[in-house]
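A.B. asks: What follows is a predicted protein model with its sequence.
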Amino acid sequence: MWGYSFANSNVHNQLAQQQITFPAKAAFTNATPGTEITPSMIPTVEKYAGQPLLTGQQAEVYANDFIAVHLQEIGGGLSYAQLSAKAMALPKGSAAYTAAEAKVQTVFQGTTLRGLLLEAYAFWTFGQIALVAAIVSFALAGIMLVLTLLGLLHFRRTPEDVEFPAQAHHHELVDEKVLETV
């Protein structure tokens, strides 16, 4: 439970400091490609419309379904490394180089934010796994407690001179082997 509590509160606190808010509900009414909200965002991003980004699950949605879509559009499907290589091939100081470098910086910043949000999601996921492990452990501990109490109850009700059949048979076999060796 401590692992869950630590991961959950740490992710919440770190994300709260970033003060990221999902786009308002009204932005989803005019979803068109190339704008802030694209049609592909509606199934996942809209359910958090207007909310502050505070959980790992929200971080994953924002990173994969909001930022990644914009990065795809800005970079034309190319990664930061690919865009940077193309920009470096242009003549330094040219208008094309300046425009390419601006795009590279935007994609770099978006990729970095996306990576940080996905790290928050991963850390949050570890916390969720710890919660499930804690619940299972408590359930198994409860079952063991019940079985132990039933065993003690059975032990108190069973007379001392009563042997289990398997133990009685085992003692007879041991006794016969002892007699054979003597």
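C.D. replies: Now that the structure is in, tell me what you want to look at.
A.B. asks: Touching stretch 16-36 from outside, list them.
C.D. replies: Contacts with stretch 16-36, where a contact means CB atoms under 8 Å, 6 or more residues apart in numbering, come from 37-39, 41-42, 45-46, 48-54, 58, 62, 66, 73. Heads up, the C-betas are built off the backbone N, CA and C, glycines and all.
A.B. asks: Where helices are concerned, which of those residues count?
C.D. replies: Residues of the contacts of stretch 16-36 located in helices (DSSP state H): Ile42, Val45, Gln58, Glu73.
A.B. asks: Thought Gln51 was touching the third one, still the case?
C.D. replies: Put plainly, it is Gln58. Yes: using CB atoms under 8 Å, Gln58 makes contact with Gln51 at a distance of 7.2 Å.
A.B. asks: Gly75 and Phe28, how far apart?
C.D. replies: To Phe28, Gly75 is 24 Å away according to CB to CB, to the nearest Å.
A.B. asks: Looking at the ones in helices among the contacts of stretch 16-36, which one is closest to His12?
C.D. replies: Using CB to CB, Gln58 comes nearest to His12 of the ones in helices among the contacts of stretch 16-36, at 10.2 Å.
A.B. asks: ok, now which ones touch that closest one?
C.D. replies: Gln58 makes contacts with Leu15, Phe22, Tyr48, Gln51, as judged by CB under 8 Å, 6+ apart.
A.B. asks: at 7 Å what do you get?
C.D. replies: Contacts for Gln58 were tallied using CB atoms under 7 Å, 6 or more residues apart in numbering; they are Tyr48.
A.B. asks: Check Gly3 too.
C.D. replies: Applying CB under 7 Å, 6+ apart, one finds that Gly3 lies in contact with Gly127, Ala130.
A.B. asks: phi, psi of it?
C.D. replies: phi -60, psi -40 (degrees, to the nearest 10).
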